[in-house]
Structure formats: structure tokens, C-alpha cells
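Visitor: can you look at this prediction? I've put the sequence above it.
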Amino acid sequence: MRNYIRLYLFVLLIGGIFVYIGNVIPQISTSESAVVEIASKSPDQLTEAGKAIVEGKGRCLLCHSIQENRTARAPEWEGVGVRASTRKPGMSAAEYLVESLYNPDAFVVEGYSKNQMKPANKNPIGLTDTEILAVVSYLFGLGGEINSQIVSAIEVAQKPWMSDETTAASAPARQFTFPEGDPLAGKELFDEAGCSACHEAPGFGWEEDAEYIGPNLANIASIQNTDYLFESIVDPNAVIVRTAGSEDAGPSDESRMPEFRDLLTVGQVFDLVAFLETLKERNEK
Amino acid sequence: MFQSMFSFIDARMAVWIIAQQHLYFAAFVLAVPMFAVIVECVGVATRNVKYDQMAKEFTKLLMLAFSTTAVFGAILLFLLIGLYPTFTAYLTQTFSTTMYLYAFLFFGEGFSLYLYYYSWDWLINRKALHISFGVALNVFGTALMFIANAWVTFMMSPTGVDMETGALLNLREAIENPLWWPINVHRLIANLAFGGSIAAAYAAFKFLGAKTAEERAHYDWMGYIGNFIAICALLVLPFAGYWLGMEIYSYSAQMGTTLMGGALSWLWIIQAILIGVLFISANYYLWIGLGRIPGGSRYTKYIIYMEVLLFACLAIWMTPHTLVATLIEARKIGAAYHPLLGVFGVMSAKNTVVNMIILTTFVSFLLYRRANKQATVRWANVGTTVQGSIFAVTAAIAIYYGVKGYFVAADVRIGYSVYQVLSVLTCIILVVVIDIFLFVKAKTLGQIRWGEMPDRSQYALFLLAITFTLLMGLMGFARSAARMDWHVYGVMRDVTPHAFTPTLGYATVLIFAGTVIFFSLISFVFWVGALAERKADPEKRKTDPEK
């Protein structure tokens, strides 16, 4: 019997040390993947929800880091909102970030490996489209800015991924190449056609704190692609971006911008788009 | 149901504790036949009846342990059906064919076990036939384990099913999922190590209670054999572990990162401590053992160096790396990783030191093996020099790839562990081969004085068994927790209130409780085994009233 007691006490001693060590180290308990409530699609709410998803359900910070980290398994995010527009030629920041979540292997940043991340809308990450919108909004805010215009741009970029028609293997592709326009002619046209009456753009001196009816275009080329700009000119109702100025002008389901499809020639539209594509802030990394 | 019966036991805790007991006993029931057959074969090869007696003594313990395993298996099944009906129904639906086979194999294992044990004396002169029963017992047991492994690994790395609906598309693919073979191999080796350690603990238990020098000698020898088998398996176990880790990472980088660098990162520090304890206790036992070997004192001067190397390697192995830190903590550190921990806490450093620990333990074995021998071959000095050079080259390879690993991508880095492992395995094989030829016709400096071991050495064997048991529980938790809130990863989500991953502190309490229960029950098995011994030998009992 004495041996049984000895053995038992020894088990208790070793097990006790084991439990002690197990309890003195930091205690981390992970919660289940609850659906994040996103009450509205305002930039602030989306950013807040996106942060919660990144730190919680999405478990993004397992591999990504906000700050610079040379040993991280995935690219760091500081400044990604601005940097994203330069990653893939012909792709706006919104398109690039959206693609990065729906099809992470479509473009892999140099120095990192493929097959590290599953599509965020599929299990086991399993984010909803709205949650992905929130995450991309949050990413835009990291070093860049997030506003309702960008949110709209993200939503547009999400559209092809939201149905089964677009698969990872067949990402949306442009049907033809736009002819090159003349940006200088486009700049003149921007003033002549009255665009500068409602939109802010560099070189068109407006008061600093004025509120415009139309979205600020000062950095439009960083967040939108050619297709979007073309569509906005010929069909302003396709996507309506709400701004403080437009709200002041009274609620409306329709854009206050005239459809320029009948007011401009095709060549002028290309010139205007060429000018808009030059509107990038110079603070990109 | 459980809330009304025991207010402190929830569904997950109930399944956890019972599953752990089932696994402990299953490991014991699978390991002891492996152990017994190997020992019996050694007995036949060496014509030493002691081995045969030891094999039989352990097989006797199997009878009650086998029933206990089955009872825990049945309780586990009832709990799963009652507490997790949807998940159990899905798993049953997916693997129903294999479940019928499982039941059939269970009969096979039971019958072959009884045949193996009860025919021992009857077939004492027909050893080949008797050993074939033992082999059959192992085949049935291993096949059972492989089938259960298919279910368990499917939960982690499901294949052969529609990932959206979970519908079975191909049963073979579901069975042969990416983690099936890594787990099969890992569990097979781990079971052998576990069985060896339990056998050694049994011997230690008997040693401490021995009344005669003869008994002490017998159980000292038995403890040595148990420790030898446990450590042989332990030496290759980390390689199987790294293979498993690689496959987990290949299947899902997210799961791999969750396991290694996320909320479970501290778990690996505890694992490192436990494995460190295993290696230290095994080495300590061998070093003490040199004292009972004539000529052993020639090597005691090296112990201090091996000790320093072991502890230095373990310190690096225990160094945490990717810890979940708050933003404030991260800012205090000044980067995502602590500058020092960032160097020692990464996989390159850990892989390297694991290989160094294995090499050191192998050196301990080598010294123990040659302690009472004096080589007589003419090339003795050259042979020893070559062995030393092989060790040096192997250590250099391990360190080289360890350092190089800092400068390459993660997927390349993980491949370097293969080179390190291969070099260490090659070293072990080459050195053993040279050693065998080196000590052919060696001069013996004296016989090992079995039984002349201090009591504290036996606690090293207890420590080995307890630590293995804790480690098994911990690794079971790691495997389950890696799935996060999924019953079947990416296919069936756990939507119960217990879907969250508990803290490591909570897990260690449950693992500890499971270990205490297991040792209580296995002690009972030992006690019942001793009862049978007394009944079988009344004459001996008369002469020794203390027993």
C-alpha cells in the first residue's frame, strides 16, 4: 500500500506542477466565429466592424501584422489602403483588396508564398460579403482614408465576386482596351463641361472647407479603375456616392449629375477619363 | 442531462474526460502487445527465459485493460450520441462502412488477445506459432487504430466530401485524408513509447516494493528494458511530429498557424517543457545506471557536458515566439516580436535544438551500451574517431540548416527540417553499425550489477510515464483546439455553447484530472495482476508471508 501512496503522491506532485505552469502563463480563450452585426454601411461603422472581424472571426492577425514585421507569414498592412492601388497594374485599390480576399492567390506579394490563405468568403474563414466589405473598408483606413465614395467603390469591386459566375480561376476581365485619351484636353474639358462646379480636383481652386455636391475626385485614380470612371460619366446613376454636400442639397434617389453620354463625344469622354486617371495623391508608398 | 446530474460537468468536459481515458487505455492496450511481442522475440533470439517471463507478465495486465478500454469506448459513444447527435450522425453516415469493419476487427483483437495469453504455456515449445498469435493481435489492434484515426483526422483535414454540403463523394479519399498517415505513424510510435514508459513505471513500482535482491535485480532489468524501448521510440517521435505538423500546415496554413503561432502558441512551450522532462529523466536514468556497470565510471566525466547541452537546447526550445500580444504590449516590445525571442523562438532554432537533444540522448545510450566493454579490434581508435566525426558532421548539418532557415521563406524553411532529420537518422544508423562491429569480441569489464540502483532512479521512470501521459493529453487538446470552432474543419461548425477554445489553464486542469484517473485505474490493473500472481503461487507465498 505504501508504494501505491508514493506513486499517487508523485503523480499529484508532477501533475500539480503541470497545472501550475499551465495557469501562470497568459490565459487566452478564443471565441466562436460569431456573425458580426453591421448596422449600416457608413464608413465609420464598416471600419469598426472590419477591425472586429480582423481581430476576431477572420483571425487575420495570425499571419498579417499591422506594423512592419519581417518574419510575418503574410504582408503587413500599415499603409495598405494607399499602397493597394500600385500593386497590380490596371487595378484600383478597391479591386485589388477585394480580389485579395476573394482569391488570395490571384496576386501574391513578392517574398511570400501561395496557398497560404483560403478565400475569405469560403470556409473555414467564411466571411459574408458585407463582412468582407467591412474588412476592406478597415484596410483602406490603414494609412489611407475611408469615405462613402470608397465604400461604394468597394461594393462595385465586390459585385463580380458575389455570384458564382465569377470564380477564382476566371476573374473579371475587360472586354477591350480603352483608347488612350489626352489628359490635358480632359483637364480643360473638366472645367468647360462644368464638372469642377460640383467636384473638387487639384488645380481648380475652391475654398478649403467648402462642401461639394459631388464626390471629391482629388485621389479618384487611386481608388477607382477606368471602367468605373467611364461608367460614372456616361451613366451617373449606376453608382451614387453620398457626400455631405449632396445630403445638404436634398435627398434624392437619383444622381444630380447629368448623363454626359449625349453631351460629350466618345473622344471627349476618353480625354476626361485620361485626366481623371491622373488624379492621384502623391503620398503613396 | 449532465447539468442535472453534475452541475459542474458540461457536455464538452464529459466527452473530453472519457475520450482521454479511452485513448490512454487504448494506447496501453495497443502498446503492450507490441512491447510483449518484441520482448518475446528477443527472448527467443537470445534464449533468455527472462524476456519470455516479462512478456507474459505484461500480457497478463492486458486482460483487464482491454475490457476497460472497451467500456470507455462504449461510454464515449453514448455521450457523443446523446450530447452531440448531429455531429455523430454525420460522422456515422460518412464512415458507416468502416464502422462495421471496426466492430469486426474488435472481435479479432479480443480473440487473438485471449489466444495469445492463454496459449503461452501450451505453446512454450512452439514459439513461432505463439508469436504469430501476438503478431495477429498487433495487426488487429493497429488496424483498429488506423480506422479510428481516419475518423479523427477527417475532422481536421476533410477530403472526399463536398465542402459546402458535407456530402460524401469518395470514402477512400475521406479515409486517406492528408493527416491520416502522419497520425497513423505518429500514434504507432507514440504508443510504443507510452507502452515502454508504463512498463518501466510498473517495473519501478515493483522494484520499490521488492523484498529480495533477486526481485530488485529482475525489476531493475525490466525497468531498463521499458526505458530502452520508450526512448528508442521517443528518439524518432519528434520526426513524426514534424511530419504531422508539416501536413497540417500544407492542408491549411490557417490551421497550422492557429496551432503553432496563434492562441495555442503557449501550448508548445508546455510541450517543450514536458518533452524536455522526458529526455532529461531518460538521460538521468541512464547516467545513474552507469554506476552499476563496471567500467561505467570512464564515461561519467562526459555527463556534465551533455547536461549543459541538454539544458541549453531545452531553454531555446522553450523560448516562445509568436505570442498573442495586445497592441500596448507589442508597442512596449517595439516590434511584433521580442528581439531575443524572435531569434530563439522561431522554428529554425527549435528544429536545430531538437536534433541536438536527440543526438545527445543517443550519445548517452552509446556510452551506456559500451560502459562495460573494451573494444579489441585493431581499428578501435579509428572507429571511435569516425563515430565522433559523424556526430560532428551531423551537428554541423543541423546547425547549418538551422541558421539558413532564418533567411528563407516559411515554406522553404519547413523543408529544411527534412535535411536535419535525415542527417540525424543517418548518423544514428551509421554509428550503430560501426558500434556493432567495433564491439564484436569485445573484452567485458564485468557484468551489470542489476538491482544496484538507488530508489531515486525509479522515480525517473515514474516521471517518464507520468510525463508521457500528460503529454498525450496535451497533444490531444492541441489537435482538437486547432480546429477552433469546427467539428469537421470547414465542413461542420460547432454551434454549441462550448464552441470556444478554453484557456490552457483550464485544459491543464482537465488533463491533470485525466492523468490522475488513469493512474488510479492502471494501479488497480497492476493490483489485480498481482492478485493473480499470488493465487498462482501459493507455495511461494507460504515462504514469504510479507508478500
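Guide: That came through fine.
Visitor: please identify the helix or strand for B:Phe468.
Guide: If you go by DSSP states H and E, B:Phe468 is part of helix B:455-481.
Visitor: could you say which helix or strand contains the residue in the stretch 1-150 of chain A positioned nearest to chain B?
Guide: Across the stretch 1-150 of chain A, the shortest distance to chain B (C-beta to the nearest C-beta) belongs to A:Gly22, at 2.8 Å. Backbone N, C-alpha and C define where each C-beta goes, glycine included. Taking DSSP H and E as the definition, A:Gly22 sits inside helix A:2-24.
Visitor: ok, B:Ser348 next?
Guide: Counting by DSSP H and E, B:Ser348 is found in helix B:347-369.
Visitor: what is the distance between that helix and the centre of its chain?
Guide: Using C-alpha atoms, centre = their mean, to the nearest Å, the mean C-alpha position of helix B:347-369 is found 17 Å from that of the whole chain.
Visitor: low-confidence ranges in chain B?
Guide: Scanning chain B with the threshold set as pLDDT under 70 gives B:1-7, B:261-262, B:321-342, B:410-411, B:532-547.
Visitor: go ahead and flag the most central residue of it.
Guide: Most central in chain B under C-alpha atoms, centre = their mean is B:Ala190, positioned 2.9 Å from the mean C-alpha point.
Visitor: returning to what we had before: which residues touch the helix or strand following the helix holding B:Phe468?
Guide: Downstream of helix B:455-481, the first helix or strand assigned by DSSP H and E is strand B:486-488. Here strand B:486-488 makes contact (C-beta atoms under 8 Å, 6 or more residues apart in numbering or on different chains) with A:124, B:84, B:87, B:90-91, B:154-155, B:158, B:166, B:492-494.
Visitor: picking up where we left off before, and the helix holding B:Ser348, what does it pack onto?
Guide: Judged by 3 or more C-beta pairs under 8 Å, 6 or more residues apart in numbering or on different chains; DSSP states H and E, helix B:347-369 is in contact with helix B:213-251, helix B:265-289, helix B:303-317, helix B:380-404, helix B:410-438.
Visitor: didn't B:Asn191 look like it was pressed against B:Ala27?
Guide: Yes: the criterion here is C-beta atoms under 8 Å, and B:Asn191 meets it with B:Ala27 at 4.9 Å.
Visitor: okay, and the closest residue to chain A within chain B sits in which element?
Guide: Residue of chain B nearest chain A, by C-beta to the nearest C-beta: B:Thr508 (2.8 Å). Here B:Thr508, judged by DSSP H and E, is contained in helix B:504-536.
Visitor: I'd like to know which elements that helix is packed against.
Guide: helix A:2-24, helix B:11-46, helix B:49-83, helix B:180-209, helix B:265-289, helix B:455-481.
Visitor: tell me the buried residues in that helix?
Guide: Under the neighbour-count criterion of 16 or more other C-beta atoms under 10 Å in any protein chain shown, helix B:504-536 has B:504-516, B:518-519, B:521-523, B:525-526, B:529-530 buried.
Visitor: got any ranges where chain A has weak pLDDT?
Guide: Checking chain A against pLDDT under 70 turns up A:31-36, A:68-72, A:163-177, A:205-211, A:242-253, A:281-285.
Visitor: not counting sequence-adjacent ones, nearest residue to the residue nearest to the centre of chain B?
Guide: B:Leu237 (6.0 Å; C-beta to C-beta, 6 or more residues apart in numbering or on different chains).
Visitor: pull up the gap between that neighbour and B:Gln271, please.
Guide: From B:Leu237 over to B:Gln271 the distance is 12 Å, taken as C-beta to C-beta, to the nearest Å.
Visitor: go on, B:Ala481?
Guide: 13 Å.
Visitor: same question for A:Phe140.
Guide: For A:Phe140, the distance to B:Gln271 - C-beta to C-beta - is 40 Å.
Visitor: between the two, which is the more surrounded one?
Guide: A:Phe140 (28 against 19; other C-beta atoms under 10 Å in any protein chain shown).
Visitor: ok, now which ones touch the nearest residue to the more buried one once chain neighbours are set aside?
Guide: With C-beta to C-beta, 6+ apart as the criterion, A:Phe140 has its nearest non-adjacent residue at 4.0 Å, and that residue is A:Gly81. The neighbours of A:Gly81, taking C-beta under 8 Å, 6+ apart as the test, are A:93, A:139-146.
Visitor: get me the contact residues on the stretch 51-200 of chain A for chain B.
Guide: A:59, A:62-63, A:65, A:67-69, A:71-73, A:111-113, A:115-118, A:122-125 (C-beta under 8 Å from any C-beta of the partner chain).
Visitor: can you do 6 Å?
Guide: Applying C-beta under 6 Å from any C-beta of the partner chain, we find that the stretch 51-200 of chain A lies next to chain B at A:62-63, A:65, A:69, A:73, A:113, A:116, A:123-124.
Visitor: wait, what's in contact with the residue nearest in space to the middle of chain A?
Guide: The C-alpha lying nearest the average C-alpha coordinate of chain A belongs to A:Val136 (C-alpha atoms, centre = their mean; 3.3 Å). Taking C-beta atoms under 6 Å, 6 or more residues apart in numbering or on different chains, we find A:Val136 in contact with A:97-98, A:154.
Visitor: rerun at 7 Å
Guide: Contact analysis of A:Val136 by C-beta atoms under 7 Å, 6 or more residues apart in numbering or on different chains lists A:94, A:97-98, A:101, A:154.
Visitor: list the ones among these that fall in helices.
Guide: Counting by DSSP state H, these place A:94, A:97-98, A:101, A:154 in helices.
Visitor: now the two most distant members of these.
Guide: The distance between the two most remote of these (C-beta to C-beta) is 11.2 Å, for A:Ala94 and A:Leu101.
Visitor: those two: who's more crowded?
Guide: Neighbour totals were compared for A:Ala94 and A:Leu101, and A:Ala94 leads with 29 against 23 (other C-beta under 10 Å).
Visitor: so what's the more buried one up against?
Guide: A:Ala94 makes contacts with A:136, A:150, A:153-154, A:157, A:223, as judged by C-beta under 7 Å, 6+ apart.
Visitor: now do stretch B:345-361: distance to the chain's middle.
Guide: For stretch B:345-361 - counting by C-alpha atoms, centre = their mean - the centre lies 18 Å from the chain centre.
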